[in-house]
Every structure is written in structure tokens, then in C-alpha cells.
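Visitor: Test case, fold it:
(2 chains)
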Amino acid sequence: DAGVTQSPTHLIKTRGQQVTLRCSPISGHKSVSWYQQVLGQGPQFIFQYYEKEERGRGNFPDRFSARQFPNYSSELNVNALLLGDSALYLCASSSDTNNEQFFGPGTRLTVL
Amino acid sequence: QKEVEQNSGPLSVPEGAIASLNCTYSDRVSQSFFWYRQYSGKSPELIMSIYSNGDKEDGRFTAQLNKASQYVSLLIRDSQPSDSATYLCAGYSGYSTLTFGKGTMLLVSP
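Guide: Got it, this is the predicted structure:
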């Protein structure tokens, strides 16, 4: 079975621009979570969506937004990019039966 | 106190030895815990989940949870150079928020 997929793999943007990252969960998983990981730190929770509804939000500014589609795929949008937004953005999916989260390969965002 | 704390390491062990990785957590974190392995430049890979007090074994890996001491550990037996990675401890703080420690770097020397 295919795991969590994310696109694009890498992305370079300049300050002030906007970016959209995409994620497809493991087949059968209805929950998608987004994380930001900067070098030397563990992943930091941004959002969780379940059945198209936001279930949780981390301590991130309103420049960060997300949505989930009927097929359970998800997008993370970041507006007005700052240098500090440079990070690895991770998507994870989980099933209804337990709360284990499985990560995709991530999107490496560089803001210049 | 941070919600999930780990020693950043590096923890260096010789090949074949037992590697012991430790994690402490605050009252804000629930009793479900996870260990992830992350190779440099890659995403985290789930290797162990533990939900109840005691030990859970899976192959060369043993996870231990001590709720009274708010302590989670991961033992890796017969460590191999391929085990060299950063190990992340995580637990739920709130219904949906999986909170991670900073990770411990493990180096296994041949």
C-alpha cells in the first residue's frame, strides 16, 4: 500500500510570497496533521483535520491555513512568507482505530 | 517544564551494545507515547507505540513506560550502525496535538 505522499519535494520562495503544500493520506485514513520541523528540533504541530473539519491548531500565526478535501487529501497554505518559515513541512495521517501517525516524506521549503 | 524532554546527545554506543534512549513528560501530556526514528534529511518513521505502564517489545526494540515517574524509554538491543539516527519521543497534549521532544542523536560505531 502507498504511504503518505507530499508535493512538492522542494520549494524555493522569496519573502512575502505565498505557498501551497499538498498531502495525500494513506488509503483509509481520514485524519491529516501538518507539522513544521526546523533543524535541530522535533516536529511542531500546526493543524489537524478530520473529515474536512479542523480538529486542532497549534501555536502558529494566521498566515498559516489548511483545508481537507472530500477524498481526505489536504493542503497547507502559508501567506506572506518570512525567512523563519524555512523548514521541513511534514504531513501525517492516522486511522480511526488508533492514534498512530504516519509521516510523508515532507516538503523542504526555503524562503530567501 | 517542557511537555516532552529528551537529551539531545549524541549518544555513542559500539556495535552490538544496548542503546538506551530516555524521555520525560509533563502532566499536560497524555499516556499514549510514540518513538520515531529520523535519518538525516528524511521524515520521521514510527517504530514503537506504547499506551500502558510497563514494557513492550518488538524485535530488537523495547519501549518502557513508567507513568508514576512520567518517563518513557526505548532500548535498542544489538545496536547496528544502521540504527544511527535521531530518535524522537512524542505524546499527545490535548486531543489532537502530538508533541515531540527535540530528539536524541544515536551514533553506533562499527
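Visitor: can you pull the contacts of residue B:36?
Guide: By Cβ atoms under 8 Å, 6 or more residues apart in numbering or on different chains, residue B:36 lies in contact with A:103, B:44, B:45, B:46, B:47, B:87, B:88, B:90, B:100. Every residue, glycine included, has its C-beta placed from N, CA and C.
Visitor: Of the residues you listed, grab the buried ones for ChimeraX.
Guide: A single ChimeraX command selects the buried members of these (16 or more other Cβ atoms under 10 Å in any protein chain shown):
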select /A:103 /B:44,46,47,87,88,90,100
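Visitor: which SSE is residue B:49 in?
Guide: Taking DSSP states H and E as the definition, residue B:49 sits inside strand B:45-50.
Visitor: What is that strand packed up against?
Guide: Strand B:45-50 sits against strand A:102-103, strand B:33-38, strand B:54-58, strand B:61-66, strand B:71-76, with contacts defined as 3 or more Cβ pairs under 8 Å, 6 or more residues apart in numbering or on different chains; DSSP states H and E.
Visitor: on that earlier part again, and which of the contacts of residue B:36 is nearest to residue B:69?
Guide: Set against residue B:69, the nearest of those by Cβ to Cβ is residue B:90 (18.1 Å).
Visitor: Look up how far chain A lies from the closest one.
Guide: According to Cβ to the nearest Cβ, to the nearest Å, residue B:90 and chain A sit 7 Å apart.
Visitor: show me the contacts for that residue.
Guide: So residue B:90 contacts A:42, B:4, B:33, B:34, B:35, B:36, B:98, B:99, B:100, B:101 (Cβ under 8 Å, 6+ apart).
Visitor: Spell out which parts of chain B neighbour chain A.
Guide: Counting by Cβ under 8 Å from any Cβ of the partner chain, chain B comes close to chain A at B:4, B:8, B:32, B:34, B:36, B:42-46, B:49, B:88, B:90, B:92, B:94-103.
Visitor: try it again with 7 Å
Guide: Selection of chain B residues close to chain A by Cβ under 7 Å from any Cβ of the partner chain yields B:32, B:34, B:43-44, B:46, B:49, B:88, B:92, B:94-103.
Visitor: Using ChimeraX, define a selection of the buried residues within these.
Guide: To isolate the buried subset of the residues of chain B next to chain A in ChimeraX, counting by 16+ other Cβ under 10 Å, use the following:
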select /B:32,34,43,44,46,49,88,92,96,97,98,99,100,101,102,103
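Visitor: What strand or helix carries residue A:11?
Guide: Per DSSP H and E: strand A:10-13 holds residue A:11.
Visitor: other SSEs contacting that strand?
Guide: Using 3 or more Cβ pairs under 7 Å, 6 or more residues apart in numbering or on different chains; DSSP states H and E as the contact test, the elements touching strand A:10-13 are strand A:107-111.
Visitor: of all the helices and strands packed on strand B:45-50, which lies closest to residue A:23?
Guide: By Cβ to Cβ (comparing all of those), the closest turns out to be strand A:102-103, at 10.1 Å.
Visitor: List of residues touching that closest one?
Guide: A:3, A:4, A:26, A:90, A:92, A:93, B:43, B:44, B:46 (Cβ atoms under 7 Å, 6 or more residues apart in numbering or on different chains).
Visitor: Touching, the third one and residue A:93? I think so.
Guide: Yes - between residue A:26 and residue A:93 there is a contact under Cβ atoms under 7 Å: 5.0 Å.
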